[in-house]
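Novice: Pasted the sequence and its predicted model underneath.
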Amino acid sequence: MKKVNYIEALDFIDKKLNKVKNKFNLKILSNFNSFYLENFFQYFLLKKELRGNFLKTDFDQIEQQLIKLDGKKIDYLIIINDNNFLLDNQKIPISEYFLRIKKQINNLINLKEKNSKLNILFFGLIENNSKKNNLKIKKFNKGIKILIEKNHLTFFNVNDIFKLLKYKNFYDKKNHDISKILYSEEAAKNIANQITNLIISEKRPQKKCLVLDLDDTLWGGTIGETENKNIKIGKKGQGKDFFKFQKFIKNLNDKGVILAIASKNNQKDVKDFFHKNKKKMPLNLKDFTVVKANWEQKYKNINAISKELNIGKDSIVFFDNSKFEREQIKKFIPEVEVIEVSNKPRDFIKNLEESYFFTKNKILKEDSNKKKQYKILEKAKKFKDTFKSNLDFLKSLKMKLLINKINKYNFSRCVQMINKTNQFNLTSTRYNEIQFKKYINSNNLNSFVISLSDKFGDHGITGLIITNKKNNNFVKIDLFLLSCRILGREVENFLINEIIIYLRDRGIKKIQGIYYKTKKNFPFKDFYKKNGFRKLNNNNFYINTDTVKKDKTKLFRVKYERN
């Protein structure tokens, strides 16, 4: 985090504030004066070309203001109950204090139900110096975190910062006695930076792939030119910062970020180096889904990586210590996000972390399995080269489709796909979890959650179709989306046929398909037309189910688990 003091932050705000148009409303409710915090918060937002409009509030009036709060005027609501000074100075029994906090949370849950678009961030309680209270606060935080997240609010664990700074550096008692500003400058700065991180991660689409250079990026020195023993790597000495960076990258990979290499090197030198130094490095070559180690221009290699992974170039982030290479990517592939990299390896983690491209508040099972699933795709592509006919290749995969309905186990994954899928997403309708739950409960729907597996492994949940019943024999397809990972396998064409037959067997005679064109889904603008639907206008397509015949390609085995 940048070492900026309060005066420097105010000066930056004064120069930048009116130049940033991307504005949203924030309200902080706290039991102390949050003026310090708000200004650091504004500083970090402006650094990311966002501007907070902080709505006026009176401190130490949380309960009163929650009752009369109009959530429709607020984008982000932040609730901070600092318990240390309150419990120490006013001698309130901790059980009574817990009841007060629970009442606040219930009011916030009601507020969220009325306005699903409102983002609410609730600070956990700080573990103080009393060992007796610490155990109670830990248990209480654990309970309210579950309650908060179950109701789609965000829990903020301020204890991580409190433990880092310690009690005396976290609070500014002198300032509190004068102006009721409780947090120290350092605490306010750290908290504001982390909250900005959370907001950016929600506002900015998450990226899928991190493309990395090797020499002077993952290790110090140039392999092929420097003897291996002189390369800077390992836990000690000059290699320490590179080791830490590799460990950070490894953690991203474990959370579902796809890793790829674009390096001007000989492929054999790269393989040999990883093999000989596997005990010295957290990363190994198997962590990288695609490796481009050659003497081609890097923008050409990134184009190839995009094609091999079947992802858009705007899903890729490029990290390279060379300014020349970064400028080349900006020039030739402007869709790719390029990280501005420090010339000091100790700053590499910060450079990547503060981009917020890979920040996730929730890690799903599918995220953790992503590396494995792309390895499955890689095996399938190599296998494809042995066939002259694409149809013969697809038949040889022995693909299986498991069709379920939306349930508590796949609900979060369905919401994730709704908000992340761009290419094969025929309506590009977006819902957050609360909106999606309301949509499901307020319509007569049939849902089809699609999982795909083949001879190489399980691709996981990769598709969603939702039909909305308008009368006894007519339905509309509200949602039809598939992960880009499984495109090119005829899944979409088989599924529309399969679902039509399924609905026809249940008395449906007519189906309406909807297509809304976007920059990403335009390759599928004729999807419904190619599958027998009659076009009425730009967005609406219809088909009579009695005109559809059972698919006979035998590319897929289908199993329904919809009970």
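Specialist: Cool, got the structure. Residues are numbered from 1 along each chain as shown.
Novice: can you count the residues close to the nearest residue to Leu536 once chain neighbours are set aside?
Specialist: Closest residue to Leu536 apart from its sequence neighbours, by Cβ to Cβ, 6 or more residues apart in numbering: Tyr542 at 6.3 Å. (Each C-beta comes from the backbone N, C-alpha and C, glycine too.) Tyr542: 15 surrounding residues under other Cβ atoms under 10 Å.
Novice: Would you mind measuring from Tyr542 to Glu498?
Specialist: Applying Cβ to Cβ, to the nearest Å, the value for Tyr542 to Glu498 is 19 Å.
Novice: now Lys520
Specialist: Going from Lys520 to Glu498 by Cβ to Cβ gives 25 Å.
Novice: So those two - more neighbours on which side?
Specialist: Glu498 (22 against 16).
Novice: so the more buried one, which of the three states?
Specialist: Recorded secondary structure, Glu498: helix (DSSP: H, G, I helix; E, B strand; the rest coil).
Novice: next one: the one 5 residues further on
Specialist: Reduced to three states with three-state DSSP, the structure at Leu503 is helix.
Novice: Against Ile496, how distant is it?
Specialist: 11 Å.
Novice: where along the stretch 451-563 of the chain do the helices fall?
Specialist: 491-504, 527-530 (DSSP state H, counting those that start in this stretch).
Novice: Only C-alpha atoms, please: export the first one in CSV.
Specialist: Extracted in CSV, the C-alpha atoms of helix 491-504 (Å, rounded to 0.1, in the frame of the first residue of the first chain):
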residue,chain,number,x,y,z
VAL,A,491,-23.7,-28.8,-26.7
GLU,A,492,-25.8,-25.8,-27.4
ASN,A,493,-27.6,-27.3,-30.4
PHE,A,494,-28.1,-30.6,-28.6
LEU,A,495,-29.5,-28.9,-25.5
ILE,A,496,-32.1,-26.8,-27.3
ASN,A,497,-33.4,-29.9,-29.0
GLU,A,498,-33.3,-31.9,-25.8
ILE,A,499,-35.2,-29.2,-23.8
ILE,A,500,-37.8,-28.8,-26.5
ILE,A,501,-38.5,-32.5,-26.5
TYR,A,502,-38.6,-32.5,-22.6
LEU,A,503,-41.1,-29.7,-22.6
ARG,A,504,-43.2,-31.2,-25.4
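Novice: Give the buried residues for it.
Specialist: Of the residues in helix 491-504, 491-492, 494-500, 502-504 count as buried by neighbour count, 16 or more other Cβ atoms under 10 Å.
Novice: Just the residues contacting it, thanks.
Specialist: 399, 401, 403, 424, 446, 448, 450, 452, 463, 465, 467, 475, 480, 482, 511, 524, 527-528, 530-531, 543, 545-546, 548, 550-551, 553, 555-556, 558 (Cβ atoms under 8 Å, 6 or more residues apart in numbering).
Novice: The residue nearest to Leu487 when sequence neighbours are not counted: neighbour count?
Specialist: In space, and not counting its chain neighbours, Leu487 is closest to Phe424: 5.9 Å by Cβ to Cβ, 6+ apart. Residues lying near Phe424 (other Cβ under 10 Å) number 20.
Novice: among the helices of the stretch 451-563 of the chain, which is nearest Ile80?
Specialist: Evaluated over the helices of the stretch 451-563 of the chain, closeness to Ile80 peaks at helix 491-504, with 47.7 Å, by Cβ to Cβ.
Novice: average pLDDT across the closest one?
Specialist: Helix 491-504 shows a mean pLDDT of 96 in the predicted model.
Novice: cool, and stretch 206-226?
Specialist: On average, stretch 206-226 scores 90.
Novice: picking up where we left off before, pairing partners for the residue nearest to Leu536 in the sheet, please.
Specialist: Note on Tyr542: beta-bridge partners by DSSP bridges are Gln512, Arg534.
Novice: Would you mind confirming that it is in contact with Ile514?
Specialist: No: using Cβ atoms under 8 Å, Tyr542 is not in contact with Ile514; the gap is 10.5 Å.
Novice: How is this structure divided into domains?
Specialist: Using automatic domain parsing, the domains assigned to the chain come out as 6-203, 209-353, 386-561.
Novice: would you list these in a markdown table and tack on distance to Leu377?
Specialist: Output for those, formatted as a markdown table (distance: least, Cβ to Cβ, whole Å):
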| stretch | distance to Leu377 |
| --- | --- |
| domain 6-203 | 27 |
| domain 209-353 | 8 |
| domain 386-561 | 6 |
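Novice: those helices in the stretch 201-350 of the chain, which residues are they?
Specialist: All helices of the stretch 201-350 of the chain, identified by DSSP H, counting those that start in this stretch, fall at 240-254, 267-276, 298-309, 323-332, 348-353.
Novice: would CSV of these with distance to Lys384, mean pLDDT and mean neighbour count be doable?
Specialist: Formatted as CSV, the helices of the stretch 201-350 of the chain follow (distance: least, Cβ to Cβ, whole Å; pLDDT from 0 to 100; neighbours: other Cβ atoms under 10 Å):
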stretch, distance to Lys384, mean pLDDT, mean neighbour count
helix 240-254, 25, 95, 18
helix 267-276, 22, 94, 15
helix 298-309, 12, 95, 19
helix 323-332, 29, 96, 15
helix 348-353, 34, 90, 17
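Novice: Export these as JSON lines, with columns for distance to Phe40.
Specialist: What follows is the helices of the stretch 201-350 of the chain, written out as JSON lines (distance: least, Cβ to Cβ, whole Å):
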{"stretch": "helix 240-254", "distance to Phe40": "25"}
{"stretch": "helix 267-276", "distance to Phe40": "42"}
{"stretch": "helix 298-309", "distance to Phe40": "36"}
{"stretch": "helix 323-332", "distance to Phe40": "29"}
{"stretch": "helix 348-353", "distance to Phe40": "17"}
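Novice: Ok, which of these comes nearest Lys23?
Specialist: Counting by Cβ to Cβ, Lys23 lies closest to helix 348-353 out of the helices of the stretch 201-350 of the chain; the figure is 25.1 Å.
Novice: The closest one - contacts with which helices or strands?
Specialist: Counting contacts by 3 or more Cβ pairs under 8 Å, 6 or more residues apart in numbering; DSSP states H and E, helix 348-353 packs against helix 240-254, strand 316-319.
Novice: 6 Å instead, please
Specialist: In terms of contacts (3 or more Cβ pairs under 6 Å, 6 or more residues apart in numbering; DSSP states H and E), helix 348-353 is packed against helix 240-254.
Novice: Can you tell me how far the closest residue to Asn22 other than its chain neighbours is from Leu26?
Specialist: In this structure, Asn22 finds its nearest non-sequential neighbour in Leu50, 5.3 Å apart by Cβ to Cβ, 6+ apart. Separation of Leu50 from Leu26 (Cβ to Cβ): 10 Å.
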